[in-house]
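Enquirer: The sequence and its predicted three-dimensional model are supplied below.
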Amino acid sequence: MPRLVLVATPIGNLEDITLRALRVLKEADLIVAEDTRHASKLLQHYGISKPLLSLHQHNEHWRVPQLIKRIISEDLLVAAVSDAGTPGIADPGFLLVRTAVSQHLTVEVLPGPCAFLPALVGSGLPCERFVFEGFLPPKKGRVVRLQALSNETRTFVLYEAPHRLIQTLSQLIDYLGGERAAVVARELTKIHESFTRGTLAEIKSYFESHPPKGECVIVVAGKS
Ligand code: SAM
């Protein structure tokens, strides 16, 4: 039976891959990957060698419909991976799943690594209800999102690149105030994993004297 399986891959620590993910990657006829060079290094680590096809934001609009047709007509098992974590979460994947669903192709999603979950759960901030915001838009729409977040009562989670961390913390202070509790989780699952906790103002001041390196997730307490 033709199948599309989204496979979550490690966000740093290569031990964080499930047995099921390894089995599916070994059984797949084809693996679609955001960056085929990156994926082939990862697969090599697990001793897997498969045909790869690139699928990223610049080609997915024309490649996805072709791929879905091919999976169905050739009765393929295709696995999809992004560079890290769960495909579709701040990564390509949504269009692939939406098109597969529209063509009645069976879709499976294997649970696995995703950066926002360990950041949220390890933050120590309320996590029973939360909002995942992903990356704030770099320019257009940024202010509107920040304004909406200023009234958010649930804990919210943002993804950010290290070189934009201080600018984003400054803007959060402008819209939410410097006293709001927050946490920056960096280098999750890696050797230098760290959680920096405090108010937004304290965290910003910390990173001004300790320039941030590595990938980070910002977790902010909701408005009380
Ligand atoms: N698909 C991924 C997931 O499931 O989390 C997210 C990919 S998105 C392109 C990359 C962003 O995820 C980074 O800028 C950072 O905000 C976050 N991220 C990924 N790996 C991380 C890690 N090891 N530690 C902290 N944040 C990480």
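Expert: Sure thing, it's come through. Numbers count the residues shown, from 1 in each chain.

Enquirer: okay, now the domains of the chain?
Expert: Listed by automatic domain parsing, the domain ranges of the chain are 3-110, 116-220.

Enquirer: Including mean neighbour count and mean pLDDT, could these go into a markdown table?
Expert: In this view, the C-beta of every residue, glycine as well, is placed from N, C-alpha and C. Listed next are the domains of the chain as a markdown table, based on neighbours: other C-beta atoms under 10 Å; pLDDT from 0 to 100:
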| stretch | mean neighbour count | mean pLDDT |
| --- | --- | --- |
| domain 3-110 | 17 | 97 |
| domain 116-220 | 17 | 97 |
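
Enquirer: Please identify the residues of the protein in proximity to the ligand?
Expert: 11-12, 82, 84-86, 89-91, 114-116, 159-161, 185-190, 215-217 (C-beta under 6 Å from any ligand atom).

Enquirer: Of those residues, which belong to helices?
Expert: Phe116 (DSSP state H).

Enquirer: what's Pro118 sitting at in phi/psi?
Expert: Main-chain dihedrals, Pro118, degrees, to the nearest 10: phi -60, psi -30.

Enquirer: list the contacts for it?
Expert: If a contact means C-beta atoms under 8 Å, 6 or more residues apart in numbering, then Pro118 has Ala185, Leu188, Thr189 as its contacts.

Enquirer: tell me the contacts of Phe94?
Expert: Phe94 neighbours (C-beta under 8 Å, 6+ apart): Gly88.

Enquirer: so how far is the ligand from it?
Expert: Computed as C-beta to the nearest ligand atom, to the nearest Å, the Phe94 to the ligand distance reads 12 Å.

Enquirer: that's a helix at Val101, yeah?
Expert: Yes. Counting by DSSP: H, G, I helix; E, B strand; the rest coil, Val101 is part of a helix.

Enquirer: CA-only coordinates of stretch 105-125, as PDB, when you get a sec.
Expert: The C-alpha coordinates for stretch 105-125 follow below in PDB (Å, rounded to 0.1, in the frame of the first residue of the first chain):
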ATOM      1  CA  LEU A 105      -2.800   8.900   0.400                       C
ATOM      2  CA  THR A 106      -2.100   7.300   3.800                       C
ATOM      3  CA  VAL A 107       0.000   9.600   6.000                       C
ATOM      4  CA  GLU A 108       1.800   8.500   9.100                       C
ATOM      5  CA  VAL A 109       3.700  10.800  11.400                       C
ATOM      6  CA  LEU A 110       6.300   9.300  13.700                       C
ATOM      7  CA  PRO A 111       6.600  11.100  17.100                       C
ATOM      8  CA  GLY A 112      10.100  12.200  17.900                       C
ATOM      9  CA  PRO A 113      12.400  15.100  18.500                       C
ATOM     10  CA  CYS A 114      11.000  18.600  18.400                       C
ATOM     11  CA  ALA A 115      12.800  21.600  20.000                       C
ATOM     12  CA  PHE A 116       9.800  23.400  21.500                       C
ATOM     13  CA  LEU A 117       8.700  20.500  23.800                       C
ATOM     14  CA  PRO A 118      11.800  20.000  25.900                       C
ATOM     15  CA  ALA A 119      12.200  23.900  26.000                       C
ATOM     16  CA  LEU A 120       8.600  24.300  27.300                       C
ATOM     17  CA  VAL A 121       8.600  21.400  29.700                       C
ATOM     18  CA  GLY A 122      12.100  22.300  31.100                       C
ATOM     19  CA  SER A 123      11.300  26.000  31.400                       C
ATOM     20  CA  GLY A 124       9.400  25.600  34.600                       C
ATOM     21  CA  LEU A 125       6.700  27.900  33.300                       C
END
